[in-house]
Every structure is written in C-alpha cells, then in structure tokens.
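1. Okay, sequence plus prediction incoming.
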Amino acid sequence: MKIKHSLGRQNSEVIQQAFDIRKQVFTDEQGFAAEIDIDEYDDIALHVVIYDDEKPIGVLRAILMDNNMLKVGRVAILKGYRGRGIGRNIVEFIEDYGRKNNITTISLSSQCHAQPFYESLGYQAHGEIYLEEGAEHIFMTLDLV
C-alpha cells in the first residue's frame, strides 16, 4: 500500500481520485446527494488517497481547525477492499501526520455503523446521535498528546 496526499486542489490527480472514490461510496453506494459531497472545504483540506499498487482504493479528508485540531471526514474505502485494514492504515496515517504537525486532537463525525471501528483506534464518542444527510452520526475525538 502507498499513500499520496494533496493540500487543497494542488495535485489534480490525487484530488480527482479522491472525488471519484467519494462519489462511488457516498453517492452511488450510500445514496448521499452528489452536490453536498464536494464543498468549499475541499479547497483548504488535506486529501489523502491510499492505493493498492496503482489503484486508488480509499480516501480521507482532513481540515485544520483554529484550535490545533484536525477535523477528519469523507473517509471512504471501496467496497471490495473493506475489512483488510485499509481504513486503519489511512486513519493511522493522518494521526501520524497530526503528531508531526503538533496537532493535539482529531475530531470526526462518524456514521454510527463505523463507531466501533473508530473506538478500536482509541476514539471516544461524545454527545448524542444526530442526523447528517439522513444518516445517524456521532461526534468522536482522539487526543494525540
């Protein structure tokens, strides 16, 4: 497995691969509206793509917040590649990135079905379940210090 990343839309190949994976998972598979997936945060976010040889198979987006926090979102692994530790690899990559860049906390809005996955990586749920685009989510954080 290899990982490439792009800040904002600087690397057109990486960003297009990220958008393609997000479309396949969030729009085609899960039924989210395509127009809500790509937003203004894509211009400032760190886009991370993980590959199986040369094939892009997973994505994660991270936004640097004002309080030394990375807000992770748009985590998606292609259906045929789930259950192989690829999600763990891409999340651990962003955690390492955060530690190297003096980030103290990672936050994310997890779909409830993915909550056990994030808990296995040390993330803690906070608050009540809420709806985001009709899907149940829970706010989660991981302290990096």
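-> Looks like it arrived, so ask away.
2. C-alpha only now, for contacts and for neighbours.
-> OK.
3. Compute the distance between V75 and R22, please.
-> Applying C-alpha to C-alpha, to the nearest Å, the value for V75 to R22 is 8 Å.
4. overlap in contacts of those two?
-> Common neighbours of V75 and R22 (criterion: C-alpha atoms under 8 Å, 6 or more residues apart in numbering): V59.
5. where exactly do the helices run in the protein?
-> Secondary structure of the chain (DSSP state H): helices located at 12-22, 34-37, 86-100, 115-120.
6. Surely T104 touches G98?
-> Yes. Under the criterion of C-alpha atoms under 8 Å, T104 makes contact with G98 at 7.5 Å.
7. Looking at those two, which has the bigger crowd around it?
-> G98 (20 against 16; other C-alpha atoms under 10 Å).
8. partner residues bridging K55?
-> D52 (DSSP bridges).
9. swap that for I106, please
-> The partner residues for I106, given DSSP bridges, come to L70, L142.
10. and what of A135?
-> Here A135, judged by DSSP bridges, has bridge partners E132.
11. Find out how far stretch 23-37 is from the centre of the chain, if you would.
-> Computed by C-alpha atoms, centre = their mean, to the nearest Å, the chain-centroid distance of stretch 23-37 equals 14 Å.
12. CA atoms only for that stretch, dumped as CSV, please.
-> Presented in CSV, the C-alpha positions along stretch 23-37 are these (Å, rounded to 0.1, in the frame of the first residue of the first chain):
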residue,chain,number,x,y,z
LYS,A,23,-18.7,9.5,-5.4
GLN,A,24,-18.6,5.7,-5.6
VAL,A,25,-19.0,5.3,-1.8
PHE,A,26,-21.1,8.2,-0.7
THR,A,27,-23.3,8.9,-3.7
ASP,A,28,-23.5,5.7,-5.7
GLU,A,29,-23.5,3.2,-2.8
GLN,A,30,-24.9,5.2,0.2
GLY,A,31,-27.2,7.5,-1.7
PHE,A,32,-26.0,10.9,-0.5
ALA,A,33,-26.6,13.8,-2.8
ALA,A,34,-23.6,14.4,-5.0
GLU,A,35,-23.8,18.2,-4.7
ILE,A,36,-23.2,18.0,-0.9
ASP,A,37,-20.1,15.8,-1.1
